[in-house]
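Visitor: Predicted model, plus sequence, below.
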Amino acid sequence: MREPQCVVCGDRLTSAQLLMGDGRCHNCRDFEPAFARALSFGEYEGGLRGLIHLLKYEAVLPVASVLGGMMASVIAELLAGCGDSVPLVVPVPLHKSKRSDRGFNQAELIARAAVKRLPQRLELATGVLVRRRATISQVGLTREQRIENMRDAFQVRNHQVLGGRTVIVVDDVMTTGTTLSECARVLKEAGAEWVFAATVARAFQGGALPESVFHVGQQPAVHAEEEASEAAAVAASV
Ligand SMILES: [Zn+2]
């Protein structure tokens, strides 16, 4: 059984928000995201968080196939009402400096594995969206500042494939939704008709802080900073 969730971004709804009656959380009411709906397989905690870490920080690439299976079920649920058109699956790109440091884009590996598993025809489009600048840490920023920080971070490279299409933007984790909303905004500006956001995991904004924020010293240095900034972004948005 699901807890009450925002019908747009999937965040948990508090009882005060439930009383508003339209099913949206206060963030979606104040700053409507550019995606029509965001859906995640599960919460960013425990085993699911461990699997994402194995892929992203330990480069255990076969894990992408497991996460791709989860992503396939998220995409299938999002596409249930999408009619006959062939949806475009667009992984959230990394900036080229980060991609070359890591050696792969985890969102792309997960999207690729998901598309292979789904029975319907989907088109994976990895070159459509590019990250043209490395964004600064979102830590401590207000929602308005985060939106401003993300603005123009992404650029569409291949406008002609987007006209009238349904697009599913894929990422590993959604925290505040600012990144996915900015991707959706530029895709729609370039002609996409509907944009959905699909992630393997959701870091709930009303939830507890990820444990690692209190144990940063025990994390391998390579991802302690990123984990801490994810955790702080969650904290800052509460
Ligand atoms: Zn919401």
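Guide: Here it is on my side, so go on.

Visitor: Could you list the contact residues of this protein toward the ion?
Guide: Contacts of the chain with the ion, taken as CB under 5 Å from the ion, map to 6, 8, 9, 11, 25, 28. Where you see a C-beta, it was placed from the backbone N, CA and C, and this is true even at glycine.

Visitor: surely residue 172 meets residue 199?
Guide: Yes. With contact defined as CB atoms under 8 Å, residue 172 reaches residue 199; the gap is 6.5 Å.

Visitor: Figure out the helix or strand that residue 195 lives in.
Guide: Counting by DSSP states H and E, the element that carries residue 195 is strand 194-202.

Visitor: what pLDDT, on average, does that strand get?
Guide: Average pLDDT, strand 194-202: 96.

Visitor: same question, stretch 159-178
Guide: Rounded mean pLDDT across stretch 159-178 is 93.

Visitor: now the end-to-end length of that stretch.
Guide: 22 Å (CA to CA, to the nearest Å).

Visitor: Next: stretch 30-39.
Guide: Length of stretch 30-39, first residue to last, CA to CA: 20 Å.

Visitor: ok, residues contacting it?
Guide: Outside stretch 30-39, the residues that touch it by CB atoms under 8 Å, 6 or more residues apart in numbering are 7-10, 74, 77-78, 143-144, 147, 169, 174, 177, 180-182, 184-185, 188, 194-199.

Visitor: ok, now with 6 Å
Guide: Residues from elsewhere that reach stretch 30-39 (CB atoms under 6 Å, 6 or more residues apart in numbering): 9-10, 74, 78, 177, 180-181, 184-185, 194-198.

Visitor: List buried residues within the residues of the chain next to the ion.
Guide: If you count burial by 16 or more other CB atoms under 10 Å, the buried members of those come out as 6, 8, 9, 11, 25, 28.

Visitor: okay, now the domains of this protein?
Guide: What automatic domain parsing lists as the domains of the chain is 1-32, 40-237.

Visitor: Could you pull out the helices in this structure for me?
Guide: Secondary structure of the chain, counting by DSSP state H: helices at 15-18, 26-30, 46-56, 63-79, 96-102, 106-117, 143-150, 178-189, 221-237.

Visitor: State the mean pLDDT of the fourth one.
Guide: It stands for helix 63-79. Helix 63-79 comes out with an average pLDDT of 96.

Visitor: what's the answer for the second one, then?
Guide: Confidence for helix 26-30, expressed as mean pLDDT, is 88.

Visitor: buried sites along it?
Guide: 27, 28.

Visitor: ditto for the third one
Guide: Judged by neighbour count (16+ other CB under 10 Å), helix 46-56 contains these buried residues: 48, 49, 51, 52, 53, 54, 55, 56.

Visitor: Can I get these in a markdown table including pLDDT?
Guide: As requested, the buried residues of helix 46-56 are arranged in a markdown table below (pLDDT from 0 to 100):
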| residue | pLDDT |
| --- | --- |
| 48 | 97 |
| 49 | 97 |
| 51 | 98 |
| 52 | 97 |
| 53 | 97 |
| 54 | 97 |
| 55 | 98 |
| 56 | 95 |
